[in-house]
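In: Show me the folded form of this:
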Amino acid sequence: MSADAPPRRGGNLGFLGISQVVRVLSGLAINVMLMRWLGVDGFGIYGYVATLVGVLAFGSHLGLNKLLKREIARDESRATSLIPDALLAVTVSSLLTGLVVVAWSWGLDGRPSVVLASALAAVALMLRSQATVVVAAFHAVRRMALGVGPHLVGRLVLVAATAGLLALRPDVVSVFVAQLADGLVTLLLVLVVFHRRIGRMRRPGPASAGALARESIPFSLHSLFGSVYLSIDVILLQQLRGEVEVGIYRAAAVLIGMLPLLAETLNAGIFPRMARHLGDRAAAGRELRFAARILLVVGVPIAVGGMLLAEPLMVLLGGEAYAPSAAPFVLMAPLLPLRYLNNGFGMTLSSLNRQPARTRGVLAAALFNLGTNLVAIPLWGAMGAAATTLLTELLLTTWYGLQVRPLVDRLDIGSVLVRLLPATVAMTAVLRALPALP
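Out: Here you go, the predicted structure:
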């Protein structure tokens, strides 16, 4: 094997890929149902509630999944002691976060249906956060297959419950009842799997749970700042331009958010390996080069193809009412390869004990995104939000790249892009020449 050849990874990436494919396909099915059954304004309300909960999600999961992956990967015997402490910390923090979500929704909106939907979404978030910390142990010990079954069953429950409840009562509350069912089923199943395959959890201690929560502060702050820069545009659109504008923008943003499937899968699989390369620039460089090559080879064509096919895609998903979503989608599509690299660079920083540097970058991105959105959204609405998102992603990826360079050997990003150019040009020519084909 040459120095640059990627190490063998067994079947873990395959199992992660299955899990991510299930998540994306089920998410796509659910969003198509919501776009078509709730209409643009109803989809806008759903997007507002989901984004509100997403912005405050850091207070629920505390970023503990990344900390747990890193620590358990270095000492697998700690899994049965760290996971119960993490569950206790997440439960307490989720309850406090839920109160904030309901109070925010009541104060800024006040409609009973929106407040109820927000409360249900907060409970579903708690269940997902609890399941996430358990699954982190499966990833850390490189047994990703253990999480696939529970995830698959939970997503099937989510799709079936969403379809059934929307058929009975097509409103936003039904959507979050289905999410609560998904979270409960998934949590119960992962707890059973952990007990049978990893070991019996020891009793959690409030003091050790509190210490774990404090240790995760850089990770939870990163999650907060990341959710702000990824989600604040939807909240500002709701307040400044209304639910229809949110629906138009959210349709484009949801599709963009589903496409980084490969990046999330690959980087989640590499994370435990990278955590073992602390201080070894050569090994860390091989891992990151392997990931970056694949991420760019997939991300660049997706971005270009998405720009060319934006309007047919949006109409296919939501109907003619969502044709205006094509313009913000085109503007945001170039951020996909940036987000792919962003994910890889961030994974490297977190796994090699540089989480504070990652957090500082996301804080700067959040502040920049908030400031530019306050100017752009009143002037240009959804298009302004799309432009600020792209610009923020560019700045953040540049920052991450600078922080990663001292930790790894050469990256060779430029040579990958040069080799991609002929194939991307050929693909563009075919799509332009045959626009009528599906």
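
In: dump the residue contacts of residue 62.
Out: 89-90, 93, 213, 216, 219-220, 223 (CB atoms under 8 Å, 6 or more residues apart in numbering). The way it works is simple: take the backbone N, C-alpha and C, and place the C-beta from them, glycine included.

In: neighbour-wise, which of those leads?
Out: Greatest neighbour count in the contacts of residue 62, by other CB atoms under 10 Å, goes to residue 90: 29 neighbours.

In: Regarding that residue, what is its secondary structure?
Out: With DSSP: H, G, I helix; E, B strand; the rest coil as the basis, residue 90 sits in helix.

In: Please shift the residue numbers so they start at 56 in all later answers.
Out: In the new numbering, first residue 56, that becomes residue 145.

In: is it true that residue 451 touches residue 400?
Out: No - assessed by CB atoms under 8 Å, residue 451 is found out of contact with residue 400, at 9.1 Å.

In: Output the contacts of residue 117 in a markdown table, with distance to residue 441 and secondary structure appended to each entry.
Out: Output for these, formatted as a markdown table (distance: CB to CB, whole Å; DSSP: H, G, I helix; E, B strand; the rest coil):
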| residue | distance to residue 441 | secondary structure |
| --- | --- | --- |
| 144 | 36 | helix |
| 145 | 33 | helix |
| 148 | 32 | helix |
| 268 | 36 | helix |
| 271 | 32 | coil |
| 274 | 28 | helix |
| 275 | 28 | helix |
| 278 | 23 | helix |
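
In: Now compare those and name the two farthest from each other.
Out: The distance between the two most remote of the contacts of residue 117 (CB to CB) is 14.0 Å, for 144 and 278.

In: wait, what's in contact with residue 376?
Out: Applying CB under 8 Å, 6+ apart, the residues contacting residue 376 are 94-95.

In: related to what we said a few turns ago, quick one: which of the contacts of residue 117 is nearest to residue 104?
Out: Minimum distance to residue 104 across those is 18.8 Å, recorded for residue 278 (CB to CB).

In: List the contacts of that closest one.
Out: If you count contacts by CB under 8 Å, 6+ apart, residue 278 has them with 112-113, 116-118.

In: List the ones among these that fall in helices.
Out: In this view, the contacts of residue 278 that belong to helices under DSSP state H are 113, 116.

In: And the contacts of residue 278, which is closest to residue 296?
Out: Of the contacts of residue 278, the one sitting nearest to residue 296 (CB to CB) turns out to be residue 112, at 23.9 Å.

In: what's the neighbour count on that closest one?
Out: Neighbours of residue 112 using other CB under 10 Å come to 25.

In: In this structure it contacts residue 177, no?
Out: No - judged on CB under 8 Å, residue 112 makes no contact with residue 177 at a distance of 9.6 Å.

In: overlap in contacts of those two?
Out: residue 152.

In: hang on, the earlier thing: need the contacts of residue 278 in a markdown table (columns: distance to residue 165 and pLDDT).
Out: Listed next are the contacts of residue 278 as a markdown table, based on distance: CB to CB, whole Å; pLDDT from 0 to 100:
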| residue | distance to residue 165 | pLDDT |
| --- | --- | --- |
| 112 | 23 | 86 |
| 113 | 25 | 84 |
| 116 | 28 | 87 |
| 117 | 29 | 86 |
| 118 | 31 | 85 |
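
In: Of the contacts of residue 278, which is the nearest to residue 458?
Out: Closest approach to residue 458 among the contacts of residue 278 (CB to CB): residue 118, at 17.8 Å.

In: Now do that closest one against residue 219, distance only.
Out: Applying CB to CB, to the nearest Å, the value for residue 118 to residue 219 is 34 Å.

In: Tell me which of these two has more neighbours.
Out: When residue 118 and residue 219 are compared for neighbours, residue 118 comes out ahead with 23 against 12, by other CB under 10 Å.

In: Can you tell me how far that one is from residue 401?
Out: Residue 118 is 12 Å from residue 401, where distance means CB to CB.

In: Also residue 320?
Out: Counting by CB to CB, the gap from residue 320 to residue 401 is 15 Å.

In: what residue is smack in the middle of the protein?
Out: The centroid of the chain falls nearest to residue 312 when counting by CA atoms, centre = their mean (7.2 Å).

In: Mind checking what secondary structure residue 156 has?
Out: Each residue gets one of three states, and residue 156 gets helix by three-state DSSP.

In: That one and residue 174 touch, don't they?
Out: Yes - using CB under 8 Å, residue 156 is in contact with residue 174, at 7.3 Å.

In: Compare these two (neighbour count), which wins?
Out: residue 156 (25 against 19).

In: Can you show me the strands along the stretch 156-305 of the chain?
Out: Shown for the stretch 156-305 of the chain, no strands are assigned by DSSP state E, counting those that start in this stretch.

In: Point out where it drops to low pLDDT.
Out: Scanning the stretch 156-305 of the chain for pLDDT under 70 picks out the ranges 285.

In: repeat that for 90
Out: Counting by pLDDT under 90, the stretch 156-305 of the chain has low-confidence residues at 159-160, 162-166, 168-169, 194-204, 206, 224-227, 254, 257-261, 271-305.

In: mind listing the helices for it?
Out: Ranges of helices within the stretch 156-305 of the chain are 167-195, 200-223, 227-252, 261-270, 272-295, 298-313, based on DSSP state H, counting those that start in this stretch.

In: May I see those helices arranged in CSV, with distance to residue 411 as well?
Out: Output for the helices of the stretch 156-305 of the chain, formatted as CSV (distance: least, CB to CB, whole Å):
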stretch, distance to residue 411
helix 167-195, 20
helix 200-223, 28
helix 227-252, 30
helix 261-270, 12
helix 272-295, 5
helix 298-313, 26
